[in-house]
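Asks: Curious how this folds, go ahead:
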Amino acid sequence: MEKTKVVGQVIRAICIMDHPIPSTNDAASIQIILPQKQLGRKTDMYISMVSAAHAVCAKGLYIAIISTTVETTDPEKEIQPAVDLLGGCLEMFVKISDIHEPINTPTDDNLHITSSYDATSHFETASKNVLEIYEQITGEILDLNIQPSEDDDDY
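Replies: Sure thing, here's the model as predicted:
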């Protein structure tokens, strides 16, 4: 813990539902981003929903995850606009987590620490963080767009 600092908090709510999110054409999966300005907030709010089509729950159930950066002393009230969009939950589990960022110098202690997951539901920040650490360690940029050569076997 002495090699990181807390820079904020994120709230996540996992909601078990017996219906898809209303007004989404009964989508089996969906991602919704509620813009900060629409909510009168500093940060966006994220809703990600999956279903039995993804083998994550029983047929007829849906799992929605709400997440956002905590901005007040009442985080559960902050996520209420997203909860309201779900059209009701059978069960909801809420967790508030600290967001840590590294404060160590990786070249001094040979320890590369990722930041905590932020509130985004599409893992863009986490993916960028891993790519940055890869470059720090290897000195090379990881190119995930490499095309197979003619010598590669076809599978």
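Asks: make it CA atoms for all contacts and neighbour counts henceforth
Replies: Noted.
Asks: Where does the prediction get shaky in this structure?
Replies: Scanning the chain with the threshold set as pLDDT under 70 gives 152-155.
Asks: for Ala13, helix, strand, or coil?
Replies: Three-state call for Ala13 (DSSP: H, G, I helix; E, B strand; the rest coil): strand.
Asks: What count of nearby residues applies to it?
Replies: 20 (other CA atoms under 10 Å).
Asks: That one touches Ile63, doesn't it?
Replies: No - using CA atoms under 8 Å as the test, Ala13 is too far from Ile63 to be in contact (10.2 Å).
Asks: which residues are common contacts for those two?
Replies: Residues touching both Ala13 and Ile63 (CA atoms under 8 Å, 6 or more residues apart in numbering): there are none.
Asks: ok, now which ones touch the residue most central in space within the chain?
Replies: Note on the chain: the residue nearest the mean C-alpha position is Ser121, at 3.1 Å, using CA atoms, centre = their mean. Shown in contact with Ser121 (CA under 8 Å, 6+ apart): Gln31, Tyr46, Ile47, Ser48, Ser67.
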